[in-house]
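J.: Sequence first, then the predicted structure:
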Amino acid sequence: MRSNWSHLTGTRSGQGLVVRVAAFAALLCCESARAASGQAAVPPPPRPADSGPSLQNTMQFVEAKLNEQGKVSTLHTMHDSLTSKDWGPFKYVWEVSEAAFDPQSCQMTWREIHTWPSLQWGAWDSRLSLSLREVSRLEVLALQDQLNRQSAKGGHPETVSAVSPEVSVMTIYMSRDKSVRNQGHKTEGESGKNEPVDSDDHFDSVEIHFAEDEVAQRTAKALVHAVELCGGGNKDPF
């Protein structure tokens, strides 16, 4: 629906138009007199400084929150609502360390060690890096909600996950054609058939796990502010 802005213009009647013309003529008269007397026009006031913490202080906060939490662990069980079949529990452990930020390039780096039960690879030791200028958006979600949403999207809403204790997941989504670099070292899983392997992968999103939702929310809020200061964010018009 088209918005009606006519109430802001003062032109709804001929009388309003006459008042506007008279006021404009008086303004021209004053400006002409000022120019004739040599008086310079008053410059506009300076723009206020950007609000909020600086980029350096913001990323120091993010680094501290990532580096200080230590290991985050939980147990994951799954239940099939149609067949009553159960799986698990499965133990997951994440540990983030060595988080660092370069204010000149807006580059963020960190290390994550992730262990979980797997026949192929039991642990990943990853060195991750991304540019905040290339981040599109962030999302914080409970791990249990995230797992159930993934099951539903995969066509299996009957597979219901439960996570205890609850873990919050901050997902960083990159802009189109941009990626997170993951230089990883994989070690063998439960089968014992695989030799350690080094990998260099690129992903369009990355997850960071938190034991406390409040810390996840505060870290995400700070990171969004840093992304904006670096010139990143979603540039789509809609």
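T.: Arrived safely, thanks for sending.
J.: Specify the beta-bridge partners of residue 208.
T.: Taking DSSP bridges as the rule, residue 208 bridges to residue 170.
J.: Okay, and the most centrally placed residue in the chain sits in which element?
T.: For the chain, the residue sitting closest to the mean C-alpha position, by Cα atoms, centre = their mean, is residue 138 at 2.4 Å. Using DSSP states H and E, the element containing residue 138 is strand 135-142.
J.: these two touch, right, the residue nearest to the centre of the chain and residue 174?
T.: No: Residue 138 is beyond contact range of residue 174, at 10.8 Å (criterion: Cβ atoms under 8 Å). (C-beta placed from N, C-alpha, C; glycine too.)
J.: part of a strand, is residue 90?
T.: Yes: assessed with DSSP: H, G, I helix; E, B strand; the rest coil, residue 90 lies in a strand.
J.: so what's it up against?
T.: Shown in contact with residue 90 (Cβ atoms under 8 Å, 6 or more residues apart in numbering): 75-77, 116-117.
J.: Pop out the phi and psi values for residue 233.
T.: With angles defined as degrees, to the nearest 10, residue 233 sits at phi 110, psi 170.
J.: Leaving out chain neighbours, which residue sits closest to it?
T.: Residue nearest to residue 233 in three dimensions, not counting chain neighbours: residue 227, with 5.6 Å by Cβ to Cβ, 6 or more residues apart in numbering.
J.: what ranges do the strands span in this structure?
T.: 71-80, 86-102, 107-115, 121-131, 135-142, 159-164, 168-174, 180-188, 197-203, 205-210 (DSSP state E).
J.: Please spell out which residues along the third one are buried.
T.: Residues of strand 107-115 classed as buried: 107-108, 110-112, 114-115 (neighbour count, 16 or more other Cβ atoms under 10 Å).
J.: Can you tell me which helix or strand of the chain has the lowest average pLDDT?
T.: One helix or strand of the chain scores below all others by mean pLDDT, DSSP states H and E: helix 14-36, with a mean of 40.
J.: for the contacts of residue 90, which one is nearest residue 126?
T.: Distance to residue 126, by Cβ to Cβ, is smallest for residue 116 among the contacts of residue 90, at 13.2 Å.
J.: before we move on, back to that, check the contacts of residue 90 for burial and list the buried ones.
T.: Buried among those (16+ other Cβ under 10 Å): residue 76.
J.: Mind putting the contacts of residue 90 into TSV with pLDDT and distance to residue 164?
T.: Listed next are those as TSV, based on pLDDT from 0 to 100; distance: Cβ to Cβ, whole Å:
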residue	pLDDT	distance to residue 164
75	95	6
76	95	8
77	95	8
116	80	16
117	71	16
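J.: Turn the contacts of residue 90 into JSON lines, columns for distance to residue 234.
T.: Converted to JSON lines, the contacts of residue 90 look like this (distance: Cβ to Cβ, whole Å):
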{"residue": "75", "distance to residue 234": "35"}
{"residue": "76", "distance to residue 234": "31"}
{"residue": "77", "distance to residue 234": "35"}
{"residue": "116", "distance to residue 234": "31"}
{"residue": "117", "distance to residue 234": "36"}
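J.: List just the nearest of the contacts of residue 90 to residue 180.
T.: residue 116 (19.5 Å).
J.: what number of residues lie near the closest residue in space to residue 139 that isn't next to it in sequence?
T.: Closest residue in space to residue 139, ignoring its immediate chain neighbours: residue 171 at 4.8 Å, by Cβ to Cβ, 6+ apart. Other residues near residue 171 come to 15 when the count uses other Cβ atoms under 10 Å.
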